[in-house]
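Q: Next one to model:
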Amino acid sequence: MAMATASEGLVIAHIGLDDLRRATLRLTRCADVACADPRTVTLAEMRGRSAGRHARPLAVAVDRLDRPVVAYLDTETGAISVVSCDSAACQNPEVRRPLGPVLDRDVERARDLVGVDLALDRQGRPVLAYRHFRTGAAMLLTCASRECERGTETRLTEPGWRRPYPGLTLDGRGNPLVATYDIAARTLVLVACDDIVCRERSTLPLAEVEQDFGHLDIAMGVDGRPWIAWTGVAPGELQPPGAEDEASLQIIACAHQRCRPGD
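A: Coordinates of the predicted model:
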């Protein structure tokens, strides 16, 4: 399940699975948080299977005209589909698959790590961040159109099997900010892109990681500064007796728009 706010209420993308490895992708619109009168439409029938407990196979965003866009990751093959709506009601959704299947014999081990995140640029075109299905690298896909028939793929990190899916937001200039991990350095990092496809970028270390690489997310605050939430154990963190191996929620609030002075 994934959720986004609209000008009036909420938009929720969700999946129904059957026993034949088919996934029904649906969109529900609520007028308010009580959601007393939900309106649900079927977007598409996809290939799919039950994801890992911590996987994030869905992401949704809404453009300035209240039209939803949904990204769906097939957690069996690694293919990514984008569903774009021509109106707020989404009666005529268009489905494109900018990334085809990636087959890997070790796919079962990654089912808790895979996921996709989604943002829309100023023209309403999707920008996706995801974990590469085979290598574990943090990836960016910048769509050439709102329908996302094709796009520019950029690798943001080195491969790393233990890396979970990245988090994505856009800065005040409309360029991607991606939260992920440097596996070799055992560090939480922010990849700050200097253009929409991230050809030029800076990788900023944010925090050392003591144990496993926990799941994370990033969001832009009302003050225009990014906030990163991640689960892990920070160096020197004191934990209650018996909970030494348990991760806790960590929050980082950046002092600057791109987490570095001068930006």
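
Q: Show me this structure divided up by domain.
A: Structural domains assigned to the chain are 2-165, 182-263, following automatic domain parsing.

Q: Comparing those by mean pLDDT, which bottoms out?
A: Looking at these, the lowest mean pLDDT belongs to domain 182-263 (a mean of 84).

Q: Might you calculate how far that one sits from the centre of the chain?
A: Taking the mean C-alpha point of domain 182-263 and that of its whole chain, the gap between them comes to 15 Å (CA atoms, centre = their mean, to the nearest Å).

Q: still on that earlier bit, among the domains of the chain, show me which one is buried the most.
A: domain 2-165 (a mean of 18; mean count of other CB atoms under 10 Å). C-beta: built from backbone N, CA, C; applies to glycine.

Q: what about that domain, how long is it end to end?
A: Using CA to CA, to the nearest Å, one end of domain 2-165 lies 15 Å from the other.

Q: List the strands paired with the strand or helix carrying residue 142, with their directions.
A: Assigning secondary structure by DSSP states H and E places residue 142 in strand 138-143. For strand 138-143, the paired strands and their directions (DSSP bridges) are strand 126-131 (antiparallel), strand 151-155 (antiparallel).

Q: could you dump those strands to CSV with distance to residue 99?
A: Listed next are the strands paired with strand 138-143 as CSV, based on distance: least, CB to CB, whole Å:
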stretch, distance to residue 99
strand 126-131, 8
strand 151-155, 8
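
Q: which one of those strands lies closest to residue 12?
A: Smallest distance to residue 12 across the strands paired with strand 138-143 (CB to CB): 18.0 Å, for strand 126-131.

Q: So which residues make contact with that closest one?
A: 59, 61, 69, 71, 73, 80, 82, 84, 110, 113-121, 137-143, 146, 148, 151, 156, 163-168, 170, 176, 178, 196 (CB atoms under 8 Å, 6 or more residues apart in numbering).

Q: Please apply the same query to stretch 211-219.
A: Stretch 211-219 is touched from outside by 54, 117, 162-169, 177-181, 183, 188, 190, 226-233, 245, 247, with contacts defined as CB under 8 Å, 6+ apart.

Q: Now intersect these with the strands, please.
A: Those of the contacts of stretch 211-219 mapping onto strands are 117, 167-169, 177-181, 188, 190, 226-232, per DSSP state E.

Q: Now do the closest residue to residue 155 other than its chain neighbours against residue 157, distance only.
A: The spatially closest residue to residue 155, leaving aside those adjacent along the chain, is residue 137, at 5.2 Å (CB to CB, 6 or more residues apart in numbering). For residue 137, the distance to residue 157 under the criterion CB to CB, to the nearest Å works out to 5 Å.
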